[in-house]
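> okay, sequence plus prediction incoming.
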Amino acid sequence: MAQEFVSCHPADRDSYTAYLARTPGGDVLQTHAWGELKSRTGWVPRHYGVRDGSDWTAVVSILKRPLPGPGGLALGYAPRGPVVDGPQALGCLVNGLREIAVSERLAFLKVDPGVEDTRFASLLLEAGFRPAGRGQGFEGVQPRHVMRLSLERPLDAILAGFSPKTRYNVNLAVRRGVTTRPATTPEPLPVFYRLLQATARRDGFGIRSYRYYQDLWDCLVEKGLARLFLAEYRGEVLAGTILFHLGTTAWYVYGASSNSHRQVMPNHALQWAMIRWAAEQGCTVYDFRGVSGDLDPAGPLYGLYRFKRGFGATLAEYVGEYDLPFRPFLYWTYTRAEPAYRALRARIAGGNRRRGET
């Protein structure tokens, strides 16, 4: 049976998510739930795919937003997409996207698939995509360089793979009486957000509004795609984290901590708690997400890499960002109007590149 490009309907949502969960490169950022969350911040989600009979062979969730200036054109962005089975499915998907780009008035589509294989980059080039965003730091919308920990070992072997200092800090937190727990209701969200505000002031980065995290709970936590974890010491919440989960992968996405009692290592306790939880869910990969690709120990972001490496994680480099122009002249104009284009990229990234925030 020939493969067919289709627009996804509400009835397709469960099978679409199941395909993402079982396919390499599948990500929470490609789900309908993520599109619903982003729709509350001004994006318009669109979901497409390729079917071979009743089976998906490719899917892509696109977030759409108007471009500045006259003409009523929009950009499309597929975070960690597309997710495809192979070259034929990708070709069918791209042909379909070229057709719908007219009615959707898309000037171009930006993608940043969660794929390491450079052969996939070659397929994107053959399909008409152009490389974009080649920096070594957090220049991209999503981090190109991530730290991933294999969970395909017993927990004691995973713990033994931590660096001596990291393992000491994990055990120190236990000895000092730090406890961890997943939140089962949204009641702790205000506490988490206050910790996030304190972390932002301490480390000098921007954060989203409290309403965004309320929406995240509604759209992701309630649907089993995310969990909020808390670390407590002597009755006080010292740290909080948000973990995404789909299929056999868990992603550490947001982290926050108090300025108090940092010596009891609540952040180490939380990471170990999330790793254990992910393993219990059957995950084979724990993704610490972004680091800089510049591994110079003198670099300003090397400490982030050192912290994540301490848990036994290894560096993975994705193929990076690619753009598919639908209106080449307008795309050329936008990409060469450097000040406006940089502002556009910052708008997509939400001003949180340094932390790799989604």
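In hand now; what should we look at? Residues are numbered from 1 along each chain as shown.
> neighbours of the residue lying closest to Tyr212 once chain neighbours are set aside, how many?
Distance criterion C-beta to C-beta, 6 or more residues apart in numbering; nearest residue to Tyr212, sequence neighbours excluded, is Thr41 at 6.9 Å. For every residue, glycine as well, the C-beta is placed using N, CA and C. By the criterion of other C-beta atoms under 10 Å, Thr41 has 14 neighbours.
> tell me which element Thr41 is part of?
Secondary structure assigned from DSSP states H and E places Thr41 in neither a helix nor a strand.
> one more: the one 10 residues further on?
Following DSSP H and E, one finds Arg51 within strand 44-52.
> just the CA trace of that strand, in CSV.
Extracted C-alpha coordinates of strand 44-52, given in CSV (Å, rounded to 0.1, in the frame of the first residue of the first chain):
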residue,chain,number,x,y,z
VAL,A,44,-0.9,27.5,16.8
PRO,A,45,-0.2,23.7,16.7
ARG,A,46,-0.6,21.6,13.6
HIS,A,47,-0.1,17.8,13.4
TYR,A,48,0.7,15.9,10.3
GLY,A,49,1.9,12.4,9.4
VAL,A,50,2.4,9.7,6.9
ARG,A,51,0.4,6.5,7.0
ASP,A,52,1.0,3.2,5.3
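> give me the buried positions along it.
Pro45, Arg46, His47, Tyr48, Gly49, Val50, Arg51, Asp52 (16 or more other C-beta atoms under 10 Å).
> can you check stretch 143-151 too?
Buried-residue list, stretch 143-151, by 16+ other C-beta under 10 Å: Pro143, Arg144, His145, Val146, Met147, Arg148, Leu149, Leu151.
> run through who's touching it.
Residues outside stretch 143-151 that contact it (C-beta atoms under 8 Å, 6 or more residues apart in numbering) are 112, 133, 135-136, 158, 275, 278-279, 283-293, 305, 308-309, 311-318, 320-321, 356.
> contacts only, for the closest residue to Pro66 other than its chain neighbours.
Distances taken as C-beta to C-beta, 6+ apart put Ala74 closest to Pro66, at 5.1 Å, once the chain neighbours are dropped. By C-beta under 8 Å, 6+ apart, Ala74 lies in contact with Val44, Lys64, Arg65, Pro66, Leu67, Glu104, Arg105, Leu106, Ala107.
> what's the answer for Thr199, then?
Gly255, Ala256, Ser257.
> now do the SS call for it.
helix (DSSP: H, G, I helix; E, B strand; the rest coil).
> flag the shaky bits of the stretch 1-150 of the chain, pLDDT-wise.
Residue ranges of the stretch 1-150 of the chain with pLDDT under 70: 1, 133-140.
> quick one, helices of it?
13-22, 32-39, 87-104, 118-126 (DSSP state H, counting those that start in this stretch).
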